[in-house]
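Enquirer: A predicted structure for the sequence below; I have some questions about it.
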Amino acid sequence: MTPVLFLVVSLAGGLGAVARFAIDALAARLVGRRSRWGIIAVNVTGSFALGLVSGLASRGIADANLAAVLGVGVLGGYTTFSTAMWDSVTLLRERRWAASAAHALGALIGSAAAAWLGFALGQG
Amino acid sequence: MTASQRAATQSNALRAGGLVFLGGSLGTALRALVGLTLPVGWVALPTLVVNVVGAFAIGVLYESLALRDGRRSWRLFLGTGVLGGFTTYSALAVAVVTHGAQGWTYGLVSVIAGLVACWIGAAVPAASRAHETRGSSGAER
């Protein structure tokens, strides 16, 4: 990876993170307090998008550099595993076992399903 | 809201966005470096590594900030920014659905390891604080 591409990928990740922050804030405003749904929505939509990019790339349609900027950069910065884990662990520490399991597994299945759909669409 | 309240809110939002952008860029750079350094290995090893390390780190960070009534700026920069940028759910999701059965094993391993790592991370701040204040009768959280 060239230094320029590395820089662009990194800054693109910064933009993705800001988009996540905005959506999470919007979700909090809609619900009235901080909600786990904001990050779930971000991760599911981001996984769909990366599935799409990957599907297109597998057909040789996407430019490799663009795929890196969008995939590693924007969508890598947009989606987050750490915050999702914190939310699941918070439920565990509140002894809400079922809610925690539903949150952790639901996020995985939901994001995977979205990625699968995006990939299928990308593959045409 | 008065005009000056609106201006203050906008300036706060801009500042928050700036912290998230800087942190997110840094976290993404680190993740990209890991991807360039580690082999793909089992399914998507670099992604697993950044995610589990990031989950541990956010446990330490958020619990530490909560215990010390830490500043929002640190949460925004290090948490939302750096760790949010460092870890990725999209790469995990795509890896899960593009590697057959192995992919689902990878996904479950990622989530379980992530939960455990985050849990352990969250236990660190209180444990290290209890260790510091010797003689205290082991006040458990």
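Expert: Received, thanks.
Enquirer: quick one, strands of chain B?
Expert: With strands called from DSSP state E, chain B shows none.
Enquirer: biggest helix in it by residues?
Expert: Determined from DSSP state H, the single longest helix within chain B is helix B:3-37.
Enquirer: which strands and helices sit next to that one?
Expert: With contacts taken as 3 or more CB pairs under 8 Å, 6 or more residues apart in numbering or on different chains; DSSP states H and E, helix B:3-37 sits against helix A:3-31, helix A:76-78, helix B:45-67, helix B:84-86. Every residue, glycine included, has its C-beta placed from N, CA and C.
Enquirer: Residue 78: neighbouring residues, count only.
Expert: Just going to use chain A. 32 (other CB atoms under 10 Å in any protein chain shown).
Enquirer: meant chain B actually
Expert: B:Leu78, neighbours per other CB under 10 Å, totals 22.
Enquirer: per-residue pLDDT, it?
Expert: If you check B:Leu78, the pLDDT there is 98.
Enquirer: tell me the contacts of it?
Expert: B:Leu78 makes contacts with B:23, B:61, as judged by CB atoms under 8 Å, 6 or more residues apart in numbering or on different chains.
Enquirer: From the centroid of chain A, which residue is nearest?
Expert: A:Thr79 (2.7 Å; CA atoms, centre = their mean).
Enquirer: surely that one meets B:Gly85?
Expert: No: in this structure A:Thr79 lies outside contact range of B:Gly85 using CB atoms under 8 Å: 9.9 Å.
Enquirer: Name the residues contacting each of the two.
Expert: Residues touching both A:Thr79 and B:Gly85 (CB under 8 Å, 6+ apart) are A:Gly16.
Enquirer: average model confidence for the strand or helix carrying A:Gly106?
Expert: Using DSSP states H and E, A:Gly106 maps to helix A:97-123. The pLDDT scores in helix A:97-123 average 97.
Enquirer: So is that helix next to chain B?
Expert: Yes: Helix A:97-123 reaches chain B (CB under 8 Å from any CB of the partner chain) through A:104-105, A:107-108, A:111-112, A:114-116, A:119.
Enquirer: Filter the residues you listed down to the buried ones.
Expert: Neighbour-count burial within the residues of helix A:97-123 next to chain B applies to A:104, A:107-108, A:111-112, A:114-116, A:119; the criterion is 16 or more other CB atoms under 10 Å in any protein chain shown.
Enquirer: Against which helices or strands is the helix or strand of chain A with the lowest mean pLDDT packed?
Expert: When each helix and strand of chain A is scored by mean pLDDT, DSSP states H and E, helix A:64-68 comes last, with a mean of 95. Judged by 3+ CB pairs under 8 Å, 6+ apart, helix A:64-68 is in contact with helix A:3-31, helix A:37-58.
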